[in-house]
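Engineer: The sequence and its predicted three-dimensional model are supplied below.
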Amino acid sequence: MKREILPSLFLITAVVLERVMVSSGQIGIGQSLRVLLISLLFIIAISFVLQNFINDWRQVGFVALLAPIMFVAYRALYRVVKIGFPHLATILGVGLIVLLGLFYVLMSRQVWRSIRNPSLVIAYLNLVCLILLIFQIVRIGGEGYAFFKNTRFSDTATSPEPERSITLTKTASPDIYVIILDGYARQDVLDEIYNFDNSEFISSLEDRGFYVAGDSHSNYVQTPYTMASFWNFDYLPIWNSPYEYERYLYQPIQDNRAYHLLDEIGYVTVSMEGAVHYTEIRDSDIYLSKFLPLNDFETLLLIDSPLEPLSNIFDLGLPLQTYKVHRERLYYQLEMLGKVPAEIESPKIVYTHLLLPHPPFVFDERGQPQEIEGTFSLAEGPGFQGGIDEYVKGYRAQVKIISEEVVKVIDAILAESEMPPVIVVMGDHGPASMFNFTVDNPGCIWERTSSLYAILLPGQKERNLLYSSISPVNTFRVIFDAYFGADLPLLEDRSYLRYWQQPTLNVDVTSLKDSRNGCVQP
């Protein structure tokens, strides 16, 4: 029998492209190619296998088409289950797999037998799936046209150029540890807004030789801006186009100056998996991860898929966006921080970005897992799934836990290091119980910009390189001056309102960073 085009190939491609459109603002289209290729090859392979049992290529096409239809149906049904019955989601999710599996078998046999004109049906299905595919191609084409029409590559999407050529001199070569505690507030904010005394934590750091900046502020109010600026030790240029998110913010993190300069003098670059792609550097020499090396697009496809409840039961090692996986990642990051000093050769730079005390609040004040209802969310501020009182309570608990764990990690690093290491422990910004992520009404800027900043610079105390208002942008300028003879001038410590949701805005709020406007709970 003549083999016709499988309609499932059109449908799978349309489904993948639809996901591309959903994620195009933050995930590059190139990340979809692997999953698209694997899906198409899988369907083709299964179709040829099925032909050995079904001697009808049209029926094979119909049976193969049901697979992606069942997948799409499962995603929709499982999302309803997770929202309506969060505590039973895993059990009901497995039940849905069984139910849809039985329905698939029934459809494959009984429905096909009832079809009187198979050729016409397959032609119709091919037409419908082709139309869906063309629709997605047109959508992507429209976005691509808008991108090339509106993008000005010469003005945006580039890392800031250094003020002069930078060369590091390899004299002393201490290991460097960068530990980012996402959303960890400065001591005065914790005291006044959260009624939490972290003086014991600050004293523990100071007892171990850290300098804790009492007046430090973050340079930006969102993580990707802070990290891009931090790793390239400069402020970011104005972003003129809404179509350059990937190149403007993510690439300067992955391909950053600090790692390049240290790599040139023989440092091993080490990073750990983060909760989101802008909190990690996958292009490092050593990338540590507890989970399978899936890209962000592939992880997106796993959400609400049949693999989600199965992974919850059998721990399949998938980087799912669930609270359970989130906790496991944090455990892993803390564990590896204690092991890296002895297991990876020196000199090295080690980076991990812990999404603590940032929401979601998955630990109570004793460090026990905290169950959260609803779908997984990293939202804070107005997007937080709860009121201010719940935010304050959850945040306070996680500040307590991460403070205790970080001291343990630092002691392990110091104990296992042959040479006294440089250690940076800082928040990329403050919390957001009263911060609104808008320019017209930002809320409590003081809360959001007042972040923890602590740094250990062995043997440099007498040089007075540090000061109370130091901010993240100057971190590597100080480190490179202290140990590698870079002699980089310090930049003025400033704070800006920059949001990826409003990319062309750049509001200097340095003069407002200590203002208490908007800092009163309603």
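Structural biologist: Received it, and whenever you're ready, just let me know what you need.
Engineer: Give me the residue at the spatial middle of the protein.
Structural biologist: With distances taken as C-alpha atoms, centre = their mean, the chain has residue 276 as the residue nearest its mean C-alpha position (0.8 Å).
Engineer: doesn't residue 353 make contact with it?
Structural biologist: No. Applying C-beta atoms under 8 Å, one finds residue 276 not in contact with residue 353, separated by 9.0 Å. From N, CA and C alone the C-beta is placed, and that goes for glycine too.
Engineer: could I get the helix or strand in which residue 446 is found in PDB with only the CA atoms?
Structural biologist: Using DSSP states H and E, residue 446 maps to helix 445-449. What follows is helix 445-449, C-alpha atoms only, in PDB (Å, rounded to 0.1, in the frame of the first residue of the first chain):
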ATOM      1  CA  ILE A 445      12.300  50.700  47.000                       C
ATOM      2  CA  TRP A 446      14.300  50.500  50.200                       C
ATOM      3  CA  GLU A 447      13.100  47.000  50.800                       C
ATOM      4  CA  ARG A 448      14.000  45.800  47.300                       C
ATOM      5  CA  THR A 449      17.400  47.500  46.900                       C
END
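Engineer: next SSE after that helix?
Structural biologist: Using DSSP H and E, the helix or strand that follows helix 445-449 in sequence is strand 453-456.
Engineer: What average pLDDT does that next one get?
Structural biologist: When pLDDT is averaged over strand 453-456, the result is 98.
Engineer: helices or strands next to the helix ranked longest in the chain in the packing?
Structural biologist: Ranked by residue count, the top helix of the chain under DSSP state H comes out as helix 118-150. Packing partners of helix 118-150 (3 or more C-beta pairs under 8 Å, 6 or more residues apart in numbering; DSSP states H and E): helix 7-23, helix 57-84.
Engineer: just those: most buried one?
Structural biologist: Burial of the helices and strands packed on helix 118-150 is given as mean neighbour count (mean count of other C-beta atoms under 10 Å); helix 7-23 ranks first at a mean of 21.
Engineer: relative orientation of it and helix 118-150 in degrees?
Structural biologist: Angle of helix 7-23 versus helix 118-150, following axes from the mean of the first three to the mean of the last three C-alpha atoms, to 10 degrees, is 30 degrees.
Engineer: mean confidence score for helix 7-23?
Structural biologist: Rounded mean pLDDT across helix 7-23 is 75.
Engineer: Downstream of it, the next helix or strand is which one?
Structural biologist: Where DSSP H and E defines the elements, the next helix or strand beyond helix 7-23 is helix 33-51.
Engineer: how about that next one: buried residues?
Structural biologist: 35, 36, 39, 40, 43, 46, 47, 50 (16 or more other C-beta atoms under 10 Å).
Engineer: Give me the contact list for that helix.
Structural biologist: Residues outside helix 33-51 that contact it (C-beta atoms under 8 Å, 6 or more residues apart in numbering): 6, 8-9, 12-13, 16, 57, 60-61, 63-64, 67-68, 295, 297-298, 301.
Engineer: Assign a three-state SS to residue 349, would you?
Structural biologist: Classification of residue 349 using DSSP: H, G, I helix; E, B strand; the rest coil returns strand.
Engineer: Next up, the contacts around it.
Structural biologist: Counting by C-beta under 8 Å, 6+ apart, residue 349 has contacts 175, 176, 177, 178, 258, 259, 262, 267, 268, 269, 270.
Engineer: Closest to residue 142 out of the residues you listed?
Structural biologist: The closest of the contacts of residue 349 to residue 142 turns out to be residue 259 (C-beta to C-beta; 36.8 Å).
Engineer: Helix or strand next in line after the strand or helix carrying that closest one, which one?
Structural biologist: Following DSSP H and E, one finds residue 259 within helix 257-264. For helix 257-264, the following helix or strand on the C-terminal side (DSSP H and E) is strand 268-272.
Engineer: how much does that following strand deviate in direction from helix 257-264?
Structural biologist: 140 degrees.
Engineer: helices or strands next to the helix or strand just after strand 268-272 in the packing?
Structural biologist: For strand 268-272, the following helix or strand on the C-terminal side (DSSP H and E) is strand 286-288. If contacts are counted by 3+ C-beta pairs under 8 Å, 6+ apart, strand 286-288 sits against strand 268-272.
Engineer: Rounded mean pLDDT for the strand it packs on, please.
Structural biologist: Strand 268-272 comes out at a mean pLDDT of 97.
Engineer: C-alpha coordinates for that strand, PDB please?
Structural biologist: C-alpha atoms of strand 268-272 as PDB (Å, rounded to 0.1, in the frame of the first residue of the first chain):
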ATOM      1  CA  VAL A 268      38.800  26.200  36.500                       C
ATOM      2  CA  THR A 269      35.400  27.700  36.200                       C
ATOM      3  CA  VAL A 270      32.700  25.800  38.100                       C
ATOM      4  CA  SER A 271      28.900  26.500  38.300                       C
ATOM      5  CA  MET A 272      25.800  24.800  39.500                       C
END
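Engineer: Adjust the sequence numbering to begin at 14 for everything that follows.
Structural biologist: Yep, numbering from 14; the last one is strand 281-285 now.
Engineer: quick one on the thing from earlier: pipe the buried residues of helix 46-64 into JSON lines and attach pLDDT and distance to residue 345 per row.
Structural biologist: Listed next are the buried residues of helix 46-64 as JSON lines, based on pLDDT from 0 to 100; distance: C-beta to C-beta, whole Å:
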{"residue": "48", "pLDDT": "82", "distance to residue 345": "25"}
{"residue": "49", "pLDDT": "82", "distance to residue 345": "30"}
{"residue": "52", "pLDDT": "83", "distance to residue 345": "29"}
{"residue": "53", "pLDDT": "83", "distance to residue 345": "34"}
{"residue": "56", "pLDDT": "83", "distance to residue 345": "35"}
{"residue": "59", "pLDDT": "83", "distance to residue 345": "35"}
{"residue": "60", "pLDDT": "82", "distance to residue 345": "40"}
{"residue": "63", "pLDDT": "80", "distance to residue 345": "41"}
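Engineer: First-to-last residue distance for stretch 114-123?
Structural biologist: 14 Å (C-alpha to C-alpha, to the nearest Å).
Engineer: Counting neighbours, what do you get for residue 276?
Structural biologist: Residues contacting residue 276 under the criterion other C-beta atoms under 10 Å number 14.
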